[in-house]
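Trainee: what's the 3D shape of this:
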Amino acid sequence: MSDIIADQELDCRGMNCPLPILQPPKAIEQLNSGQILKMTATDPGSANDMEAWAKRTGNEIVASEEANGEYTYYVKRK
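Mentor: The predicted structure follows:
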(Lines give C-alpha, C1' and ligand atoms only; values in the text may rest on other atoms or scores of the structure.)
Protein backbone atom coordinates (compact mmCIF):
# COMPACT_ATOMS: atom_id res chain seq x y z
CA MET A 1 0.00 0.00 0.00
CA SER A 2 3.01 2.26 -0.23
CA ASP A 3 1.45 4.04 -3.22
CA ILE A 4 -1.02 5.76 -0.88
CA ILE A 5 0.43 8.87 0.66
CA ALA A 6 -0.89 9.57 4.15
CA ASP A 7 -1.29 13.13 5.38
CA GLN A 8 -1.00 11.91 8.97
CA GLU A 9 0.08 8.66 10.61
CA LEU A 10 -1.32 7.17 13.81
CA ASP A 11 0.55 4.37 15.60
CA CYS A 12 -1.76 2.24 17.75
CA ARG A 13 0.52 -0.80 17.88
CA GLY A 14 0.53 -2.50 21.28
CA MET A 15 -2.81 -1.00 22.30
CA ASN A 16 -5.66 -3.33 23.20
CA CYS A 17 -9.38 -2.83 22.68
CA PRO A 18 -10.92 -0.31 22.99
CA LEU A 19 -7.89 2.02 22.74
CA PRO A 20 -7.16 1.55 19.00
CA ILE A 21 -10.65 2.71 18.02
CA LEU A 22 -10.61 5.69 20.39
CA GLN A 23 -7.58 7.28 18.69
CA PRO A 24 -8.68 7.72 15.01
CA PRO A 25 -11.56 10.14 15.72
CA LYS A 26 -9.18 12.53 17.48
CA ALA A 27 -6.54 12.24 14.74
CA ILE A 28 -8.90 12.60 11.78
CA GLU A 29 -10.36 15.81 13.22
CA GLN A 30 -6.99 17.43 12.52
CA LEU A 31 -7.27 16.65 8.80
CA ASN A 32 -9.14 18.46 6.07
CA SER A 33 -11.80 16.77 3.95
CA GLY A 34 -10.19 14.37 1.47
CA GLN A 35 -6.95 13.95 3.41
CA ILE A 36 -5.72 10.48 4.40
CA LEU A 37 -5.03 9.10 7.88
CA LYS A 38 -2.83 6.00 8.08
CA MET A 39 -3.51 3.98 11.23
CA THR A 40 -1.48 0.94 12.27
CA ALA A 41 -2.64 -1.43 15.02
CA THR A 42 -1.80 -4.88 16.35
CA ASP A 43 -5.23 -5.60 17.83
CA PRO A 44 -7.06 -8.10 15.55
CA GLY A 45 -10.38 -6.59 16.66
CA SER A 46 -9.40 -3.31 15.03
CA ALA A 47 -10.59 -4.60 11.64
CA ASN A 48 -14.25 -4.77 12.64
CA ASP A 49 -13.97 -1.67 14.80
CA MET A 50 -12.45 0.49 12.06
CA GLU A 51 -15.02 -0.66 9.50
CA ALA A 52 -17.91 0.12 11.84
CA TRP A 53 -16.43 3.49 12.83
CA ALA A 54 -15.86 4.52 9.20
CA LYS A 55 -19.40 3.54 8.24
CA ARG A 56 -20.89 5.37 11.22
CA THR A 57 -18.90 8.57 10.64
CA GLY A 58 -18.97 8.68 6.84
CA ASN A 59 -15.18 8.46 6.54
CA GLU A 60 -13.90 6.03 3.90
CA ILE A 61 -11.38 3.24 4.36
CA VAL A 62 -9.66 3.45 0.99
CA ALA A 63 -7.31 0.54 1.71
CA SER A 64 -6.36 -1.86 4.46
CA GLU A 65 -3.82 -4.63 4.84
CA GLU A 66 -2.58 -7.16 7.38
CA ALA A 67 1.01 -8.35 7.55
CA ASN A 68 2.96 -9.98 10.36
CA GLY A 69 0.25 -9.27 12.92
CA GLU A 70 -0.02 -5.58 12.03
CA TYR A 71 -3.18 -4.08 10.60
CA THR A 72 -2.89 -0.92 8.54
CA TYR A 73 -5.81 1.25 7.48
CA TYR A 74 -5.88 4.24 5.15
CA VAL A 75 -8.89 6.39 5.97
CA LYS A 76 -10.03 9.34 3.87
CA ARG A 77 -11.76 12.07 5.83
CA LYS A 78 -15.24 12.83 4.57
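Trainee: In this structure, what residue spans correspond to helices?
Mentor: For the chain, the helices defined by DSSP state H cover 19-28, 46-57.
Trainee: how big is the angle separating the longest one from helix 19-28?
Mentor: Counting by axes from the mean of the first three to the mean of the last three Cα atoms, to 10 degrees, helix 46-57 points 40 degrees away from the direction of helix 19-28.
Trainee: Which secondary structure elements does helix 46-57 sit against?
Mentor: helix 19-28, strand 60-67, strand 70-76 (3 or more Cβ pairs under 8 Å, 6 or more residues apart in numbering; DSSP states H and E). No exception for glycine: its C-beta is placed from N, CA and C like everyone else's.
Trainee: swap the cut-off to 6 Å and go again
Mentor: helix 19-28 (3 or more Cβ pairs under 6 Å, 6 or more residues apart in numbering; DSSP states H and E).
Trainee: Check which residues of the helix it packs on are buried.
Mentor: 20-21, 23-24, 27-28 (16 or more other Cβ atoms under 10 Å).
Trainee: got the contact list for stretch 20-33?
Mentor: With Cβ atoms under 6 Å, 6 or more residues apart in numbering as the test, stretch 20-33 has contacts from 7-8, 10, 12, 37, 39, 41, 43, 46, 49, 53, 77.
Trainee: Now that stretch: average pLDDT?
Mentor: Stretch 20-33 comes out with an average pLDDT of 95.
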